[in-house]
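A.B. asks: Sharing a model that was predicted from the sequence below.
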Amino acid sequence: MRISQLFGKTQRELPAEADTASHQLLLRAGMIRQIAAGVYSYLPLALRALNKIENIIRDEMDKAGGQELMMPVLQPLELWQQTGRHGALGQILFTLKDRRDRQLAMGPTHEEVITELVKYNVQSYRDLPQLLYQIQTKFRDEPRPRAGLVRAREFAMKDLYSFDADEAGLDISYEKMRVAYQNIFDRCGLPTVLVEADSGAIGGKESKEFMLVTDSGEDEIIHCSCGYAANTEKAASAKSIAHSEELLPIEEVATPGKATIEEVADFLKVPHSRTLKAVFYVADKNFVFGVIRGDLEVNETKLKNALHCTDLRMATEDEVKEAGLVPGAASPVGIKDIQIIADDSVSSGTNFIAGGNKPATHIKNVNYPRDFKADIITDIAKARAGDTCPRCGGKLASSCSLELGHIFKLGTFYSAKLGASFIDKDGQSKPIIMGCYGIGPSRLLAAIIEHHHDDKGIIWPASVAPYQIHLCPLYREGSKVAEVTEKLYADLTAAGLEVLLDDRQESPGVKFNDADLLGIPFRVTISPRSLEKNSIEVKRRSEKQAELVGVEEAVSKLRELVG
RNA sequence: CGGGGUGUAGCGCAGUUGGUUUAGCGCGCAGCGUUUGGGACGCUGAGGUCGGUGGUUCAAAUCCACUCACCCCGACCA
């Protein structure tokens, strides 16, 4: 491709719209253009890179036994009502009406459609397992699109769905995908961390995310040098025994004007871990009393899962009062008719300070289960950097990261609701066991740039670069630059290499800067200076030094370098 | 949805106490000439519903009201 004809222009100045590196570079390189919040056109260079990413994914999916298909973007809203996800995804679903007033959704994902499809094509265990995938544009009305292609409302998505007859089969499919995903990220030059993730309300039994550690990420992950890694929604930490003493009798203590854990602990001169914190939520319209050790915080995802609710929010002060509690001095001791959920940290110590259930009063020496009972006691605490690793006892660290892929054991949630069953060997009808495995090629495009760039521009890994070779002729009248360049361009192209030719009448500085910005792996400079030595210059984008290569062996040398 | 910010040419911006403004500047773009190893220079030129609507006024990019869009933080993100 000749740059003089390439659709898309580079920009010198930083676009005011963009803050993250990938967004800025994609815009400056003339690769994308926004038309609405989170909605982009992909210009030729971006599309070439995207296609390469998608083909790597395709290749790995096919190797793992996947079959590609295509499914509708327009989906009847009824289908979503059948699985109840209309509510769960409600806000995020783009919906529209057709001329007969039928409601349709623009597919944000395709579990419903594929299950419906599989239902009519699988009857017997002999038809299983199946690994089916699609690479398509998906639509989600995100509350806040951000960072260009990182979180868009219209974006490329690959989803593979696995269908198995039993759990053992699902385990095999899941493992195949884990390996395939690892291969995909390796081939795209992205080092990822595999973290345990929350599987959410639809109750899959296992779920992991492939995360890229990057400052521009939007998720926090907790990890340890022993290899333990988890999304903060899921992360656990070991709650050491804070203190263990002989149990003392309960004793009231006046705490005028002290409401927060900090105030009470300071006033009574005890560490935060010596107190019990009370937190109040409304879960699916039910008032819930949460208890956790004073130095810890509640992880709302864990809480939500423990309560099996779909809607969870903090209670307002009025709601707390209405429940007969005293904000700032509430205590689980003596509470009746309110659901109490306690973090297991309440048994990690003795003689805690808790609220007194009357103004300006706390009580000392509260012990679980002697003084109060919980309807549910489980881990609902947030793991934080610096906490103790639940696996090895080491110290946990946290990093900002970007979710690139998600593998998920779904179980029978969709197949049961939509009636996708098969006849097993024993003649019994059973719901098909499903898994889903998602990866966003357009987000990968951004992630690759996020990870592979310098202050001059993009540095494409060869596997996904839009072109392999960038020819930079420095034309001079009376020189053979044009002639050599044209021959080289023709020969390299004939040799099957992907070549970008900067045939513009621009100064060397402009050409070099654009070459750095576009980030093609190999830059070849053809100039009167090098032609004097009957050579051209070859420089990797990732390196500073150029290498002289004889004009005659240029094609074979470049073929070898590109590999 | 809450908080903050921005809308003036393809991009980056100035102008915003109303009036010498036929709305400027830099980049980019077109033509001509001189240049050519890290974003060259000169001359000439094209390009604008000043986000939109309504209002105030002799007069609005500028003041008022409403509204739309986009960005950032948070909430949210099966």
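C.D. replies: That came in fine, so what should we check first?

A.B. asks: show me where pLDDT drops low in the stretch 201-350 of chain A?
C.D. replies: Regions of the stretch 201-350 of chain A meeting the criterion pLDDT under 70 cover residues A:201-204, A:242.

A.B. asks: what secondary structure does the residue in chain A sticking out farthest from the centre sit in?
C.D. replies: The C-alpha centroid of chain A is most remote from residue A:478, which lies 55.4 Å away (Cα atoms, centre = their mean). Here residue A:478 is recorded as coil under DSSP: H, G, I helix; E, B strand; the rest coil.

A.B. asks: mind giving me the domain split of chain A?
C.D. replies: As given by automatic domain parsing, the domain ranges for chain A are A:21-235+A:398-449, A:251-378, A:467-562.

A.B. asks: Am I right that residue A:253 is in a strand?
C.D. replies: Yes - counting by three-state DSSP, residue A:253 falls inside a strand.

A.B. asks: between the domains of chain A, which one is nearest to residue A:241?
C.D. replies: With Cβ to Cβ as the criterion, residue A:241 lies closest to domain A:251-378 of these, at 5.3 Å. The C-beta positions use only the backbone N, C-alpha and C, and glycine is treated the same way.

A.B. asks: any idea whether residue A:538 is helix, strand or coil?
C.D. replies: Relying on three-state DSSP, one would call residue A:538 strand.

A.B. asks: Relative to residue A:452, how far out is it?
C.D. replies: 20 Å (Cβ to Cβ, to the nearest Å).

A.B. asks: more neighbours, these two?
C.D. replies: Just comparing residue A:538 and residue A:452: by other Cβ atoms under 10 Å the higher neighbour count belongs to residue A:452, 21 against 18.

A.B. asks: Show me which residues of the stretch 301-450 of chain A are close to RNA strand B?
C.D. replies: Counting by Cβ under 7 Å from any atom of the strand, the stretch 301-450 of chain A comes close to RNA strand B at A:406, A:408, A:436, A:438.

A.B. asks: picking that back up, closest one to residue A:389 among the domains of chain A?
C.D. replies: The closest of those to residue A:389 is domain A:21-235+A:398-449. By Cβ to Cβ, the value is 4.0 Å.

A.B. asks: Comparing the domains of chain A, which yields the minimum mean pLDDT?
C.D. replies: Across the domains of chain A, domain A:251-378 has the smallest mean pLDDT, namely a mean of 77.

A.B. asks: Alpha carbons of stretch A:207-224, as CSV, please.
C.D. replies: What follows is stretch A:207-224 as a C-alpha-only set of coordinates in CSV (Å, rounded to 0.1, in the frame of the first residue of the first chain):
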residue,chain,number,x,y,z
SER,A,207,-14.8,-18.5,36.3
LYS,A,208,-11.5,-17.0,35.5
GLU,A,209,-10.3,-13.9,33.8
PHE,A,210,-7.2,-13.1,31.8
MET,A,211,-6.0,-9.8,32.9
LEU,A,212,-3.3,-7.4,31.5
VAL,A,213,-1.6,-5.5,34.2
THR,A,214,-1.7,-1.9,33.1
ASP,A,215,-2.1,1.5,34.7
SER,A,216,-4.9,2.3,32.3
GLY,A,217,-6.9,-0.8,33.4
GLU,A,218,-10.2,-0.5,35.2
ASP,A,219,-10.2,-3.5,37.4
GLU,A,220,-8.1,-4.1,40.5
ILE,A,221,-6.7,-7.6,41.0
ILE,A,222,-5.1,-9.0,44.1
HIS,A,223,-2.2,-11.3,43.7
CYS,A,224,0.7,-13.0,45.6
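
A.B. asks: For it, buried residues please.
C.D. replies: By 16 or more other Cβ atoms under 10 Å, the buried positions in stretch A:207-224 come out as A:207-212, A:214, A:216-217, A:219-224.

A.B. asks: about what we covered before: give me the buried subset of the residues of the stretch 301-450 of chain A next to RNA strand B.
C.D. replies: Here, 16+ other Cβ under 10 Å leaves A:406, A:408, A:436, A:438 buried among these.

A.B. asks: Now the residue nearest to residue A:492 when sequence neighbours are not counted: phi and psi?
C.D. replies: Computed as Cβ to Cβ, 6 or more residues apart in numbering, the closest residue to residue A:492 that is not its neighbour in sequence is residue A:499, at 4.9 Å. Backbone torsions of residue A:499, given as degrees, to the nearest 10, read phi -120, psi 130.

A.B. asks: Residue A:370 reaches residue A:247, doesn't it?
C.D. replies: Yes - using Cβ atoms under 8 Å as the test, residue A:370 is close enough to residue A:247 to be in contact (6.5 Å).
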